[in-house]
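1. Generate a structure from the sequence data that follows.
(one chain, ligands or ions: 2)
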Amino acid sequence: MAEQRITRDYHIHTKLCKHAKGEMFEYVETAIEKGLTEIAFTDHIPLPDGFDAAHRMAESDLEKYVKSIEDLRRQYPQIKIRCGIEADFYDGFEDYLQKTFARYAFEIIIMSVHYVKGWPKNNWAFSFYFPDCSLTAVYSDYLQAVRRGVETGLFNVLGHLDLIKRPEQSLLEQNRSEVEEILESCARFNMAVELNTSGLRKEIGQVYPDLSFMPLVKEAGLPICFGSDAHEPWQVGYRFEDTDNALKAFPNLTIKTF
Ligand SMILES: [Zn+2]
Ligand SMILES: [Zn+2]
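-> Ligands and ions are numbered 1, 2, ... in the order given. The predicted structure follows:
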């Protein structure tokens, strides 16, 4: 069987989101140096009423963002460059997202839950602190938000599914049936499941979702795609070879191409 290589990085940020570094062309050049054949810029979408404005593009940046990607396509014809977006699902923002998606022709729309409605403000899903709740309950809150997001049918990639996970408790252990429901919903809405390698740069030291999810992903008949979640140019394609090797334990997974 031919050597399977991961050559597409479908999750890349830009400095327009105010917490990423470098110029967009530097991300492209890193991708070319690493032998990638395709990338997608998927910067953080603006949200209504200045919600979390410090970590995302401004609405007034969107034209510039799309135009910059078009310019890069002309400058670097040797690599395919997709125009995507990382869109937060947050209850109540569905209409806003729908309108934004209608205005710009994003090819890849990653659904991410970074915040859960009802949680204390500024609790990022990966740095929450609820001393009075069990992890199972917190995981469940988060997973139910993910499920509601998937079921809007607005997105085509499920981003970092287990972003919430903490090292002290596996997400699948107590919350497995919720994950299975999410994956079934993804299949209904033709979504791909992202393997996000940014977790390998963090304390958790695993991809999102970790590879123990792969049998469930396969069972649900879902394709996977890869994202480095690069916030600096050097992170493009981050540890794709390692991930590719680790995936050999899960043959016959389908890889999504856009
Ligand atoms: Zn994200
Ligand atoms: Zn991201």
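2. if I look at Val193, how far off is ligand 2?
-> Shown here: Val193 relative to ligand 2, a distance of 15 Å by CB to the ion, to the nearest Å. Bear in mind the C-beta positions are built from the backbone N, C-alpha and C, glycine included.
3. Gly35 now?
-> Distance check for Gly35 against ligand 2: by CB to the ion, it reads 22 Å.
4. residues touching Asp162, list them.
-> By CB atoms under 8 Å, 6 or more residues apart in numbering, the contact set of Asp162 is 171, 208-210, 213.
5. Show the backbone phi and psi for the residue nearest to Ile204 when sequence neighbours are not counted.
-> Spatial nearest neighbour of Ile204, excluding adjacent residues (CB to CB, 6 or more residues apart in numbering): Pro167 at 6.1 Å. As for Pro167, its main-chain torsions (degrees, to the nearest 10) stand at phi -60, psi -30.
6. wait, Pro167 sits on Asp210?
-> No: at 10.8 Å, Pro167 does not count as touching Asp210 under the criterion of CB atoms under 8 Å.
7. Please say which of the two ends up with more neighbours.
-> It is Asp210, of Pro167 and Asp210, that has more neighbours when counted by other CB atoms under 10 Å, with 19 against 9.
8. mind listing what the more buried one touches?
-> Taking CB under 8 Å, 6+ apart, one finds 162, 165, 199 in contact with Asp210.
9. 10 Å instead, please
-> 161-162, 165, 170-172, 195, 199, 204, 246 (CB atoms under 10 Å, 6 or more residues apart in numbering).
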